[in-house]
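Novice: Next input, structure requested:
(one chain, ligands or ions: 1)
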Amino acid sequence: MEHKVIVVGIGPGSPDYMLPIAKQAIEAATVIAGSQRALDSFAPAGACKKVIGADIDDVIQFISSKRSASDVVVMVSGDPGYYSLLAALRKTFSVQQLKVIPGVSSFQLAFARLGLPWQDATLVSMHGREPDKTLIQYSPKKKMGILTDSHYTPRHIAQVLLDQGWPLTSSVWICARLSYENEEIIHSDLRQTCLIEGFSHCVMVVTE
Ligand SMILES: C[S@@+](CC[C@H](N)C(=O)[O-])C[C@H]1O[C@@H](n2cnc3c(N)ncnc32)[C@H](O)[C@@H]1O
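Specialist: Reported below is the predicted structural model:
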C-alpha cells in the first residue's frame with residue numbers, strides 16, 4: 001500500500017485544543033515535519049524530524065523522499081485548510097496520497113473567546129501577504145477577522161483600515177497567544193490601535 005502524507009491541524013497551540021485523532025496520528029509518526037515549536041512540543045521521541053522553514057521546496061523534497069518508506073506526518077498550525085502548507089502539498093501530491101486531519105483555527109478560538117458568531121465575518125490573512133483592498137474596505141455593519149504578522153502588525157493594520165474608510169471608533173480586539181497560558185486579549189478602538197506596540201502574530205477582530 002502506498003504511504004500517505006498526513007497533514008495534521010494542531011490547532012492554536014495548546015494540546016487542549018487538539019483533536020484526539022490528531023494526537024493519535026502524531027503519536028504514531030515515525031517521520032514528522034512541523035515548526036520547531038511544534039516538533040519540540042509534540043513530536044514523538046525517536047521520530048525522524050524535519051523543521052518546516054522558509055524553504056518550502058526543501059520540505060516537499062524531504063516528504064517525497066521519506067514517503068516511499070513510511071507515512072509522513074506534517075503538523076500545521078490551526079486548520080490545514082486556511083493558509084497552511086496544504087496548498088503547496090496539493091501541487092505535488094494527489095488527494096489520494098494525502099490525508100488531512102482538521103484542527104481548530106485561530107479564528108475559531110478568537111471568535112469563541114469574544115462570544116461572537118463568525119458566519120457573517122470577512123476573514124483575511126495578512127500573514128506574509130498584501131491585503132486585498134476590496135476585501136478590507138469599510139462598509140456598515142462589517143465584521144472582520146484578520147491574521148497578522150510581524151510586518152502587518154495590529155498597529156500597521158489599524159492604519160490600513162482607516163485608509164479604507166473604517167471609522168476611528170471601530171471596535172478592535174487583539175487576540176494574542178491564543179490557548180497558551182500567557183494568552184492576551186485587548187479590546188480597543190482603531191484610533192488607539194494605531195498607537196499600540198508589541199504585537200505580531202495575532203488574530204485581530206474588527207467591527208464597526
Ligand atoms: C500561517 S497562518 C496559519 C493559520 C492557521 N492555519 C489557522 O487556521 O489558524 C499563521 C497565523 O495564524 C495566527 N495564529 C496562529 N496561532 C495563533 C495563536 N495561538 N494565537 C493567535 N494567533 C494565532 C497568527 O495570525 C499567525 O500569524
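Novice: can you pull the pLDDT of C202?
Specialist: C202 is assigned 98 on the pLDDT scale.
Novice: swap in I6?
Specialist: 98.
Novice: Enumerate the residues of the protein near the ligand.
Specialist: 12-13, 77-79, 82-84, 105-106, 127, 147-149, 175-179, 201-203 (Cβ under 6 Å from any ligand atom). The C-beta positions use only the backbone N, C-alpha and C, and glycine is treated the same way.
Novice: for the residue in the chain that the ligand sits nearest to, what are its contacts?
Specialist: Residue of the chain nearest the ligand, by Cβ to the nearest ligand atom: G78 (2.0 Å). G78 makes contact with 9-12, 84, 103-107, according to Cβ atoms under 8 Å, 6 or more residues apart in numbering.
Novice: Any figure for the gap between it and L147?
Specialist: From G78 across to L147, the span is 9 Å (Cβ to Cβ, to the nearest Å).
Novice: Identify the contacts common to the two.
Specialist: 106-107.
Novice: So which other helices or strands are in contact with the strand or helix carrying Q108?
Specialist: Secondary structure assignment for Q108, by DSSP states H and E: helix 106-114. Counting contacts by 3 or more Cβ pairs under 8 Å, 6 or more residues apart in numbering; DSSP states H and E, helix 106-114 is packed against strand 143-147, strand 171-176, strand 202-207.
Novice: Could I get the average pLDDT for it?
Specialist: 98.
Novice: Export only the CA atoms of it, formatted as PDB.
Specialist: This file holds the C-alpha atoms of helix 106-114, laid out as PDB (Å, rounded to 0.1, in the frame of the first residue of the first chain):
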ATOM      1  CA  SER A 106      -7.000  30.500  15.400                       C
ATOM      2  CA  PHE A 107     -10.000  32.400  14.000                       C
ATOM      3  CA  GLN A 108     -12.400  29.900  15.600                       C
ATOM      4  CA  LEU A 109     -10.800  30.300  19.000                       C
ATOM      5  CA  ALA A 110     -10.600  34.100  18.800                       C
ATOM      6  CA  PHE A 111     -14.300  34.400  17.900                       C
ATOM      7  CA  ALA A 112     -15.200  31.900  20.600                       C
ATOM      8  CA  ARG A 113     -13.300  33.900  23.200                       C
ATOM      9  CA  LEU A 114     -15.200  37.000  22.200                       C
END
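Novice: Return the distance of that helix from the chain's centre.
Specialist: 12 Å (Cα atoms, centre = their mean, to the nearest Å).
Novice: And the contacts of G78, which two are furthest apart?
Specialist: Spatial extent of the contacts of G78 (Cβ to Cβ) is set by the pair I10 and F107 at 15.1 Å.
Novice: Tell me which of those two has more neighbours.
Specialist: More crowded of I10 and F107, by other Cβ atoms under 10 Å: I10, with 28 against 23.
Novice: Now do the helices in the protein.
Specialist: 20-27, 36-42, 56-67, 86-92, 106-114, 133-136, 154-163, 190-193 (DSSP state H).
Novice: thinking again about what came up before, top of the contacts of G78 by neighbour count?
Specialist: Most surrounded of those: other Cβ under 10 Å gives I10, at 28 neighbours.
Novice: Cool, thanks, signing off.
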